[in-house]
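> Sharing a model prediction with you, sequence too.
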Amino acid sequence: MSPPPVVYSVIEPGIARIVLNRPEARNAQDTGLLYALNDAFDAAARDVAVKVILLAASGPHFSAGHDLRETGSIADQMAPFEPVGTWCGFGCAGAEGRMAREKEIYLGLSERWRNLPKPTIAEVQGKCIAGGLMLAWPCDIIIAADDAQFCDNTVGMGVNGVEYFAHPWELGPRKAKELLFTSDWLSAEDARALGMVNHVVPAADLAAFSLALARRIAAKPAFALKLAKESVNAAEDAQGRLSAMTAAFALHQLAHSHNMQVHGMPVDPGGLQVRSRAAS
Ligand code: ZN
């Protein structure tokens, strides 16, 4: 029996902790990990005793992004899992099946977690690459270890950025463009200065600092926390966040289709080599 890709536990009254548990794969996200993570978020959402949710990762790195080693057709990859959205059609040919899958497990799940009506805190250490951002960004608060580094290297792979295109909201438009154009690493401290990260702490203190923050939040009334979160999220949405993200997702699908026509695969293979160097 292989270990579960995600470990969920209520670590003390009011506080749940979800741990990505594929350290040997640098917590790369295959379909099973994403659905296990969704199940864990759902468990925390449905447990009225849980007030705050921590999202952590085992091993030296938070997440190396999507697991590009996953094999089989899109339909085969999706078959073992119950969809949470209604788009479906994962077995459809061409762009239709791919868009369905990415709308379900990338944009759909990340947006779902972003809207979960309880405070969420991501604990990020080591590398957080591309799809890794789609796990950290939906959380309300991000605590970074001082060794954390963030990167979206997907432009080199011939696409516009990760499917959950929150870059302009997380980084501001200019830095979003620079980091997309260059694939440069963003340090924990620079991420904090940009407002993407709340606090940077010594790596050894990451879990304790995050738990202490979770305890302070859990002491507040659950309904007021839910309303406060909803209010901030509504402000972002009033600025057009979801509309812009939907447009970027459509362009992302165009890029995959272009790459299929030009390279015979959904990404530019030249960028994949750069990616594997970044992840190592
Ligand atoms: Zn994609």
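Sure, I can see it. Numbers count the residues shown, from 1 in each chain.

> elements contacting the helix or strand that contains residue 247?
Element membership for residue 247, per DSSP states H and E: helix 241-263. Here helix 241-263 touches helix 94-102, going by 3 or more CB pairs under 8 Å, 6 or more residues apart in numbering; DSSP states H and E. The way it works is simple: take the backbone N, C-alpha and C, and place the C-beta from them, glycine included.

> Tell me the buried residues in the helix or strand containing residue 210?
Here residue 210 is covered by helix 206-218, with elements defined by DSSP H and E. Going by neighbour count (16 or more other CB atoms under 10 Å), the buried part of helix 206-218 is 206, 207, 209, 210, 211, 213, 214, 217, 218.

> contacting residues around it?
11, 14-15, 51-52, 54, 56, 119, 121, 123, 125, 141, 143, 145, 199, 201, 225 (CB atoms under 8 Å, 6 or more residues apart in numbering).

> Stretch 241-253 now?
Contacts for stretch 241-253 (CB under 8 Å, 6+ apart): 95, 98-99, 102-103, 107, 111, 159-161, 163-166, 168-169.

> with the residues you listed in mind, which one is nearest to residue 132?
residue 164 (11.1 Å; CB to CB).

> May I ask which helix or strand encompasses the closest one?
Going by DSSP H and E, residue 164 is not in any helix or strand.

> what does the one 5 residues further on give?
Under DSSP H and E, the secondary-structure element containing residue 169 is helix 167-171.

> Can you name the element that comes right after that helix?
helix 173-182.

> hmm, who's touching stretch 118-125?
With CB under 8 Å, 6+ apart, stretch 118-125 has contacts from 44-45, 50-57, 60-62, 113, 135-136, 138-145, 147-148, 150, 188, 197, 203, 206-207, 210, 213-214, 217, 222, 225-226, 229.

> Report the contact partners of residue 140.
Per CB under 8 Å, 6+ apart, neighbours of residue 140: 119, 120, 121, 229.

> which residues touch the closest residue to the third one other than its chain neighbours?
Yep, that's residue 121 we're talking about. Among residues not flanking residue 121 along the chain, residue 141 sits closest, at 4.6 Å (CB to CB, 6 or more residues apart in numbering). Neighbour list for residue 141: 119, 120, 121, 122, 198, 213 [criterion: CB under 8 Å, 6+ apart].
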